[in-house]
Each structure stands twice: as structure tokens, then as C-alpha cells.
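Trainee: using only what follows, build the 3D model:
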Amino acid sequence: MSYSKSEVLFALKEVIYFPKNDNIVNLNMVRDIKTEDNKVSFTLVFPTAKDKNSAIVIPACRKAIAKNLDDKLEVEIKETSEDLIGGKEPLSGVKNIIGVASGKGGVGKSTVSANLALSLAKTGAKVGIIDADIYGPSVPLMFGLVDGRPEIKKENGKDVIIPIKKHGIKILSIGFFVDPEQALIWRGPMATSALKQLFNDTDWGELDYLVVDLPPGTGDIHLTLVQEVPVTGVAIISTPQEMALADARKAMAMFQQNKIEVPILGLIENMSYFTPPELPDKKYYLFGKEGCRKLAEKTNTTLLGEIPIVEKIREAGDEGTPVTLDKENAVTKAFDELAANVIKQVNIRNVEKAPTQKVKIEK
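Mentor: From the prediction side, this is the model:
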């Protein structure tokens, strides 16, 4: 028996694309339907390439056709994306996407992200940084770009953002598009939509590393990142005290959940110790000693770096010139070592191409 295109569409109306909370027919994701006596074929067009939701949507399509039409029909489903149809896949020139996350705020995530990006660039790599902290963007301040406004160009009838380039890296933040004096009061869907635009409507060009400064906690932004973007791995930042480490464990657990399974590149301990300028050989462990090192050992992951408390880090960030630009500052070495360890872990991940190893999270 041969079925009409309208019958196929009716059958597929029960398949929901959850990121947009609507069925795939209403979203115009079903294209090029062809029917024969015992075969149905069509193309599913996802919003972006490598959409992880395809693992849910495609089996659901087969099930809906078997249920509503005929379970003996041969079903052929091709997969593509709006980006590929338009002739260009966003992020196609980006080799590695590195998320920088923390379980809680106040651990210096944005400061470390900015200095990590610059240290990566010092190796000769092409680097970009995207400020995904939608509610509290701070990257513009750290790079002295509070009044920065990216250029917009037209490409295939679509507005495309050109990141601002400074200190040799490409920089983009939601802070470039909003009043810095006004708080963003956005519900989850608005925030995630803004994040998608920063990734997909931007001409990133060729990059070796794109550092993503994520908001603190575990929420919509993090889920959107792993669903929409091919993340190479995530670095988790924490301070040494137990209160911060407890939240770091939660962040690690989130990225290791089924259907997320983003590799944990390792832990970064910020505010690791304090050394007074007049006592360069002395270390004071103000927030506890080796908290991240111990957590890394317990969870079978890597300690990527230990960043000390240095007044110059704060001063340089407030002045818009991240401290790692100062080759004479002793703390620059800590960030350069961090970058080297991140590169090592990324290379291991890319060479092995192995399934994600589950991290043991101890409570």
C-alpha cells in the first residue's frame, strides 16, 4: 500500500523536538518526502549540524510511522541541518571547543578563562573566547572592551557577527549587545536562544581553540551548550575549600550524565595559595591545601593547574589587560603551564577517540 505525503506528515506530528517544545512537522524539519509501495523516505533538517537530539528524534520517527501507518514499511531517513543547507556550517573551522565551568560563582572562572585563552594563543594557536555567562558577562571588562561593539555583515541574506579581535584572539560576549548598567532578566528560553546566536550566527573563521566561559552552576546554558555544540571537553574550576569542591563535584557529575557525556579535561584550582611579595618562598594556604589535587585523585581525572592568589591578577583584570600578557609576572608561568596541560589533554582526547571514561564522583 502506498501512502500520501500528508499521511506521512500526520504520522510524524507526534514526534517532538524538545529543545523547541514543538513537533517536527510544525517546525518544518521534515523535507523531501518520497513514498513508494513499501518504502517511505524523507530528510530531517535540524537547526544545527551534529545535533545530539537526532539520537532521540530519528528512532521516534520510525516508531511513529510503524504505529500510525505500517510497521512493515521500509523507512529511510537522511539527516542534515539548516546550516549545511545554507552552504556553511557554523563552527566548521573550529577544531576544539573547551568549556570552562564551575559549580559555584566567585571562584574566578572568567579570570581563568581569559588568561587561559591568551596563554593558548601564546603557543601560536588561533584562539577565540566566547562569554556564555549570559546573566553576568565579565569578559568585556577583562579585555578592556566595555564599549566594544562587533561589526555585522550580511551573508546569504543573514546577519553574521564578526568577533572583536584583541591581543591576537577573537572575543565575543552578550555584554557587547546590552547596556552594562542593566541587569538581564531573561527566562531560560531567551537565554539559550541568545547563546545559540553567539555560536551559530558568528563568523569564527579558523580556530584551534574556542574557550567558552560558562556561567556558574548547572542549568539551561550548560545543557544548550552540549546539545548544540560539539564540545571537545570541559575544565572544572574550583577553589580548595570543601564548600567549593562540593559544587565542583556536582558540575563534574552533570557533564558525565547519560546523553551528555562530555569529557572532563581536568580540574583547575584557583586561589590555590598566597605568597607575599616580600616572602617569595612562602606559601599561605588561605582556603585549604591541595583540595583539587585530592579530588582529582579520587575521581581519576587530571589536575590541570594551580593558580595562586596574586593582587596583580585582580588589578590586571580590572584594567582590561589580563595578567598573562605580562611576561615578567611570576603568575604568568602558572597560566602558561595550565595552557600546556589543557593542550595535552585535548590532544589525548583527539588521538584516542575513545568513549568517555566515567568519573567516579564521591560524595
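Trainee: okay, and for the stretch 1-150 of the chain, where does confidence drop off?
Mentor: Along the stretch 1-150 of the chain, the parts satisfying pLDDT under 70 run over 1, 83-90.
Trainee: please, where are all the strands along it?
Mentor: 16-17, 22-23, 30-35, 39-46, 74-81, 94-102, 127-131 (DSSP state E, counting those that start in this stretch).
Trainee: right, and these - which one's nearest Ser110?
Mentor: strand 127-131 (7.5 Å; Cβ to Cβ). Placement of C-beta: from N, CA and C, glycine included.
Trainee: just checking: what are the partner strands of the closest one?
Mentor: strand 169-173 (parallel), strand 207-213 (parallel) (DSSP bridges).
Trainee: mean confidence (pLDDT) on whatever helix or strand Ala194 lives in, please.
Mentor: Element membership for Ala194, per DSSP states H and E: helix 188-200. On average, the pLDDT along helix 188-200 is 74.
Trainee: before we move on, the earlier item: for the strands paired with strand 127-131, give me TSV that also has mean neighbour count.
Mentor: Output for the strands paired with strand 127-131, formatted as TSV (neighbours: other Cβ atoms under 10 Å):
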stretch	mean neighbour count
strand 169-173	25
strand 207-213	24
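Trainee: out of the ones you listed, which gets nearest to Ala339?
Mentor: Closest to Ala339 of the strands paired with strand 127-131, according to Cβ to Cβ: strand 207-213, at 9.2 Å.
Trainee: about what we covered before: tell me which of the strands of the stretch 1-150 of the chain sits most buried.
Mentor: strand 127-131 (a mean of 27; mean count of other Cβ atoms under 10 Å).
Trainee: just the strands in the stretch 201-350 of the chain please.
Mentor: For the stretch 201-350 of the chain, the strands defined by DSSP E, counting those that start in this stretch occupy 207-213, 233-238, 264-274, 303-309.
Trainee: I'd like those as CSV, with distance to Asn28 and mean pLDDT appended.
Mentor: Converted to CSV, those look like this (distance: least, Cβ to Cβ, whole Å; pLDDT from 0 to 100):
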stretch, distance to Asn28, mean pLDDT
strand 207-213, 29, 94
strand 233-238, 33, 93
strand 264-274, 37, 93
strand 303-309, 43, 93
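Trainee: tell me the most buried of the ones you listed?
Mentor: strand 233-238 (a mean of 27).
Trainee: any idea of the angle that one forms with strand 264-274?
Mentor: 30 degrees (axes from the mean of the first three to the mean of the last three Cα atoms, to 10 degrees).
Trainee: re the thing from before, of the strands paired with strand 127-131, which is nearest Asp201?
Mentor: strand 169-173 (10.2 Å).
Trainee: now tell me what touches that closest one from outside.
Mentor: 117-118, 121, 127-131, 137, 139-140, 143, 145, 148, 150, 161, 163-165, 198, 202, 204-205, 207 (Cβ atoms under 8 Å, 6 or more residues apart in numbering).
Trainee: then stretch 322-342?
Mentor: Against stretch 322-342 from outside (Cβ under 8 Å, 6+ apart): 98, 111-112, 114-116, 118-120, 122-123, 142-143, 167, 235, 265-266, 268, 280, 302, 304-308, 310, 312-313, 316-317.
Trainee: got the domain ranges for the chain?
Mentor: Here the domain assignment for the chain is 5-85, 94-352, based on automatic domain parsing.
Trainee: most tightly surrounded among these?
Mentor: domain 94-352 (a mean of 18).
Trainee: quick one: that one to chain centroid distance?
Mentor: With Cα atoms, centre = their mean, to the nearest Å as the basis, domain 94-352 stands 10 Å off its chain's centre.
Trainee: cool, and stretch 46-56?
Mentor: Taking mean C-alpha positions (Cα atoms, centre = their mean), stretch 46-56 and its chain are 16 Å apart.
Trainee: now do the same end-to-end measure for it.
Mentor: 12 Å (Cα to Cα, to the nearest Å).
Trainee: one more: stretch 321-332?
Mentor: 13 Å.
Trainee: one step back: let me have the strands paired with strand 127-131 in a markdown table, extended by distance to Val8.
Mentor: Converted to a markdown table, those look like this (distance: least, Cβ to Cβ, whole Å):
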| stretch | distance to Val8 |
| --- | --- |
| strand 169-173 | 41 |
| strand 207-213 | 39 |
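Trainee: closest to Thr48 out of these?
Mentor: strand 207-213 (14.9 Å).
Trainee: kindly export that closest one (C-alpha atoms) in PDB.
Mentor: Extracted in PDB, the C-alpha atoms of strand 207-213 (Å, rounded to 0.1, in the frame of the first residue of the first chain):
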ATOM      1  CA  LEU A 207      40.400  28.500  15.200                       C
ATOM      2  CA  ASP A 208      42.500  25.900  17.000                       C
ATOM      3  CA  TYR A 209      40.700  26.500  20.300                       C
ATOM      4  CA  LEU A 210      37.500  28.200  21.300                       C
ATOM      5  CA  VAL A 211      37.300  28.800  25.000                       C
ATOM      6  CA  VAL A 212      33.700  29.000  26.400                       C
ATOM      7  CA  ASP A 213      33.400  30.900  29.700                       C
END
